[in-house]
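# Provided below are the primary sequence and the corresponding predicted coordinates.
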Amino acid sequence: MNKTKSIVVAALIIGLGVSACNSGNMRRNPGKTYAPDMTYSRAYDAYTDNPNFSDKQTSRLPVAGTIAQGHELPDHLVEGDTNAYKTFTTHLRFNEAELEEGKRLFDIYCGICHGQKLDGNGPLYNDGNGKFAAAPANFKDGKYLNMPVGQMYAAIKFGKNMMGSHAAQLDIKQRWQVIAYIKKFQSENGGAPFTFGTAELMASTTAATTTTDTAAADKAK
Ligand code: HEC
């Protein structure tokens, strides 16, 4: 009896081994498709012909008037409308952490030319000895110190002469975040008072200014 049992078990084990090795005959046909919409995409693949459009293109620009994710803030600035550049602004206000993020973005995308010290002398320019021939704006300089924020925004969005557009690198909030960081820096280096802060930040900025003023007044005495 015991012998029969062990023969059966051995046969089963060998059988298993054989069927496991026999993958060459594995059924590869997926069988019946019960929900074809889930199995086969109804969307046209990128770069394939699309019969719904007269030009047959599948990869298209977004429909006019629609807004991409991350770009949900209004921006109607039109290239070349330099009058609008001067007055264009935002309702966005940033706290300390968001300004830090503005600095991080500036250092990544702008610092290489404009310098992490915002002096227009990043490694790519390097006093004219770098790879980039055109002198980037020096944000500590008179001409740029009080540049309207809309004009700065236009430079990021459309580029300016040798500076290329950075619209693809920074979404609309990030562009303003970078500008706020520049403006905060400028306000601390002889520029107009900083106005891009949250109520909380502005309170601390005003307090700091008042302290400095008092110190200056004390000195004057
Ligand atoms: C590849 C180098 C380069 C990079 C990167 C770069 N810039 Fe510039 N930028 C320039 C140069 C060069 C000019 C001077 C253009 C001119 O006036 O001819 C300039 C000018 C500007 C101006 C002045 C625009 C005006 O109307 O005169 C602003 C503002 C500015 N840049 C902001 C930025 C910001 C913000 C970033 C990062 C998002 C950035 N730039 C990245 C090279 C660069």
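Received the coordinates, thanks.

# mind checking how far the most centrally placed residue in the chain is from the ligand?
Closest residue to the average C-alpha location of the chain: residue 170 at 3.7 Å, with C-alpha atoms, centre = their mean. As judged by C-beta to the nearest ligand atom, to the nearest Å, residue 170 and the ligand stand 6 Å apart. For glycine as for every other residue, the C-beta is placed from the backbone atoms N, C-alpha and C.

# what do you get for residue 56?
Going from residue 56 to the ligand by C-beta to the nearest ligand atom gives 37 Å.

# likewise for residue 179?
Going from residue 179 to the ligand by C-beta to the nearest ligand atom gives 7 Å.

# quick one: name the residues of the chain near the ligand.
Applying C-beta under 6 Å from any ligand atom, we find that the chain lies next to the ligand at 109-110, 112-114, 124, 132, 134, 136-137, 151-152, 155-156, 160-163, 166, 170, 178.

# ranges for the helices of this structure?
In the chain, the helices defined using DSSP state H lie at 2-21, 36-39, 82-87, 96-109, 111-114, 142-145, 149-158, 172-187, 199-220.

# which of those helices sits most buried?
Across those, the average number of neighbours (mean count of other C-beta atoms under 10 Å) peaks for helix 172-187, which reaches a mean of 23.

# run the angle between that one and helix 149-158 for me.
130 degrees (axes from the mean of the first three to the mean of the last three C-alpha atoms, to 10 degrees).

# helices and strands around helix 172-187, which ones?
Here helix 172-187 touches helix 96-109, helix 149-158, going by 3 or more C-beta pairs under 8 Å, 6 or more residues apart in numbering; DSSP states H and E.

# low-confidence ranges, this structure, go.
Scanning the chain for pLDDT under 70 picks out 1-2, 8-24, 68-74, 207-221.

# mind running it again at 90?
Scanning the chain for pLDDT under 90 picks out 1-48, 58-76, 91, 133, 141-143, 203-221.

# contacting residues for residue 96?
Contacts for residue 96 (C-beta atoms under 8 Å, 6 or more residues apart in numbering) come out as residue 201.

# so it versus residue 170, what's the distance?
With the distance defined as C-beta to C-beta, to the nearest Å, residue 96 ends up 20 Å from residue 170.

# residue 157 now?
Going from residue 157 to residue 170 by C-beta to C-beta gives 9 Å.

# same check on residue 103?
Taken as C-beta to C-beta, the span from residue 103 to residue 170 is 13 Å.

# swap in residue 43?
Distance of residue 43 to residue 170, computed by C-beta to C-beta: 29 Å.

# cool, residue 60 as well?
From residue 60 to residue 170 the distance is 23 Å (C-beta to C-beta).

# can you get me a residue count around the closest residue to residue 187 other than its chain neighbours?
Closest residue in space to residue 187, ignoring its immediate chain neighbours: residue 194 at 3.8 Å, by C-beta to C-beta, 6 or more residues apart in numbering. Neighbourhood size, residue 194 [other C-beta atoms under 10 Å]: 19.

# no further questions, thank you.
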